[in-house]
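**Q** need a structure here:
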Amino acid sequence: MTVHLLNCVSMKPPLLNWHVGGTCLLVEREEGWVMVDSGLGLQDHLSPSRTGRFLNQCFGVINAPQETAVRQAPRLGVAPEAVKHIVQTHLHFDHAGGLPDFPWAAVHVHRREFDTLAHPKKWIERYAHNLASFAHGPQWVLYEEAREKWFDFDAIRLPFNPAMFLVPLFGHTSGLCGVAIREGEGWYFQCADALPLNADFDFKPAWLMRWILGPHVPGLKVFSQAHPEIRMLSGHMLADRYPPVPSI
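**A** Purely as a prediction, here's the structure:
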């Protein structure tokens, strides 16, 4: 089974000398290809809504429709129609904007995160959703109770083989979940925006990271040190950390 690591959101945030990417995963499973987060979509680059234009400007989004998952997948030998499922860590614009490019796909997300669309509870949920990303009426598959364990974490088993789990990491948003992905004898653990840039556990200042990302960085650091065989990923890395995608 194959896991492709993609950058689907290039940004140069104002006042920061960083070229940052947005992490998406394209995962081969017995049930078909599964995407973990969908990045930005074609409409975010080609015909953004008023909210989309505002968010693009705030975060320094680079206009690059070739970086959308729907454009990158064929260059990896994956037809977009083969992506049957999308697992969303959370629903911020830079993680869920690509959903309209895969309208046939079932979208798996924690119920608490889904509820933020209509009833945001945190400041970061009020400004960072672009409702145009959901206007096509996604086929939502919602999860709530974490009745299993993935290592020491409470977890929700997803309906895929080899195994994948939703791991609640609430904090950055009310329903953000990490996604654990079995790959051979090891695991990927996409922690999304529960971790700082580059999965740098010692990113400073700590109080700011806790305010923006939530409370899980110290615990995830301990987990990472105890399990060096697990590849920990964050929602954003410097752009040069992502592997190049072949051109057609």
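**Q** which residues sit in contact with Trp207?
**A** Trp207 makes contact with no residue, according to C-beta atoms under 8 Å, 6 or more residues apart in numbering. Every C-beta, even on glycine, is put in place using the N, C-alpha and C of the backbone.
**Q** do the one 10 residues further on as well
**A** Contacts here follow C-beta under 8 Å, 6+ apart; on that basis Val217 touches 194-196, 201, 203, 206, 209-210.
**Q** redo that, cut-off 10 Å
**A** Contact analysis of Val217 by C-beta atoms under 10 Å, 6 or more residues apart in numbering lists 169, 171, 191, 194-196, 199-203, 206, 209-210.
**Q** so which of those is the most crowded?
**A** Comparing those by number of neighbours (other C-beta atoms under 10 Å), Leu195 comes first, having 30 neighbours.
**Q** That one touches Ser234, doesn't it?
**A** Yes: between Leu195 and Ser234 a contact is recorded at 3.8 Å, counting by C-beta atoms under 10 Å.
**Q** returning to that earlier point: could you dump the contacts of Val217 to TSV with secondary structure, distance to Val27 and pLDDT?
**A** Below are these laid out as TSV (DSSP: H, G, I helix; E, B strand; the rest coil; distance: C-beta to C-beta, whole Å; pLDDT from 0 to 100):
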residue	secondary structure	distance to Val27	pLDDT
Leu169	coil	19	98
Gly171	coil	24	95
Cys191	coil	16	98
Ala194	helix	19	97
Leu195	coil	19	96
Pro196	coil	24	94
Ala199	helix	19	90
Asp200	coil	24	90
Phe201	coil	25	89
Asp202	coil	29	87
Phe203	coil	27	83
Ala206	helix	32	84
Met209	helix	28	85
Arg210	helix	30	89
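**Q** and of the residues you listed, the nearest to Tyr127?
**A** Gly171 (17.0 Å; C-beta to C-beta).
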